[in-house]
Every structure is written in structure tokens, then in C-alpha cells.
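*Asks:* Test case, fold it:
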Amino acid sequence: MHNYKELKVWQKSIDLVSDIYKLTDLFPERERFNLVSQIQRAAISIPSNIAEGAGRNSNKMFVQFLGISHGSTYELETQLIISKNLGYLLESDLETILFKIYEVQKMSFVLQKKLRGC
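*Replies:* Numbering: from 1, shown residues only. Predicted coordinates for the structure are as follows:
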């Protein structure tokens, strides 16, 4: 078992969730139960799956949950691009948040490799 709270990737993904909530507060009310809900759920999935995987009994299971978390970063990225295309996000805000997502993606990938023994 791993202490997920000590993992930098988990800490960064928790920060990412806070940033996402701040960004989506600016979306139109009509998107509250549509795009905003999807974006927030994808963001929350990232640290949640890291934590769940860390609590499993094997590195193999941890890698599996890191993979799910990693997939959620791509889902989040896609939803944010759609949001920008709809005019809900400025290009500069999108670039800032995408940089943070890419950072989490890289960290997750490196941790997966480490746990696999590569």
C-alpha cells in the first residue's frame, strides 16, 4: 500500500480540481448540469483514482487505477477544448490549465513506469 497523500501527482491533481472548480464557476448557468458537471467529474476522477489505486494491495492494481486516472486527464482536456470553442474559456485560461493537466499526465506516466519496474 502507498501513502497517496505523499505522492506529488496526487497533490498536483488535487490543486487541479480546485482550479477547475474556479474556472467552471464562470460558465453560463445553462451549462451547470451539462458541461460543468462533466468537467468537474472528470477532474475529481483524477485524484480519486490515484488514491483508490494507492490503497490496493499490489502495484499491478495501482498501475491500473493510475491508467484510469490518466484517461480522465484526456477526458478533461477534451471537455476544456470544447468549452473554449463554445466561448466559455479564454485561450489564455485554457493554456494555463492544460499546462497543469500535462504536468499531471507526465507525472502519472512516470509513476506507472516506476511501478511496473521499467
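
*Asks:* low-confidence ranges in this structure?
*Replies:* Regions of the chain meeting the criterion pLDDT under 70 cover residues 1, 118.

*Asks:* So which residues of it form helices?
*Replies:* With helices called from DSSP state H, the chain shows them at 8-24, 35-54, 59-85, 91-116.

*Asks:* who does the longest one touch, helix- and strand-wise?
*Replies:* Right, the one you point to is helix 59-85. On a contact count with 3 or more Cβ pairs under 8 Å, 6 or more residues apart in numbering; DSSP states H and E, helix 59-85 meets helix 35-54, helix 91-116. The way it works is simple: take the backbone N, C-alpha and C, and place the C-beta from them, glycine included.

*Asks:* One more pass at 10 Å, please.
*Replies:* Secondary-structure packing of helix 59-85 (3 or more Cβ pairs under 10 Å, 6 or more residues apart in numbering; DSSP states H and E): helix 8-24, helix 35-54, helix 91-116.

*Asks:* Give me the buried positions along the last one.
*Replies:* Buried positions in helix 91-116, judged by neighbour count with 16 or more other Cβ atoms under 10 Å: 93-94, 97-98, 100-101, 103-105, 107-108, 111-112, 115.

*Asks:* Over to residue 55: give its phi and psi.
*Replies:* Main-chain torsions, residue 55, degrees, to the nearest 10: phi -80, psi 0.

*Asks:* Next, count neighbours for it.
*Replies:* Applying other Cβ atoms under 10 Å, we find 14 other residues in the vicinity of residue 55.

*Asks:* Over to residue 25?
*Replies:* 8.

*Asks:* ok, now the one 3 residues further on?
*Replies:* Using other Cβ under 10 Å, residue 28 is surrounded by 12 other residues.

*Asks:* most neighbours per residue, which of the helices of the chain?
*Replies:* Mean neighbour count, computed with mean count of other Cβ atoms under 10 Å, is highest for helix 35-54 among those, reaching a mean of 21.

*Asks:* any idea of the angle that one forms with helix 59-85?
*Replies:* 160 degrees (axes from the mean of the first three to the mean of the last three Cα atoms, to 10 degrees).

*Asks:* what is the orientation angle of helix 35-54 with helix 8-24?
*Replies:* 170 degrees.
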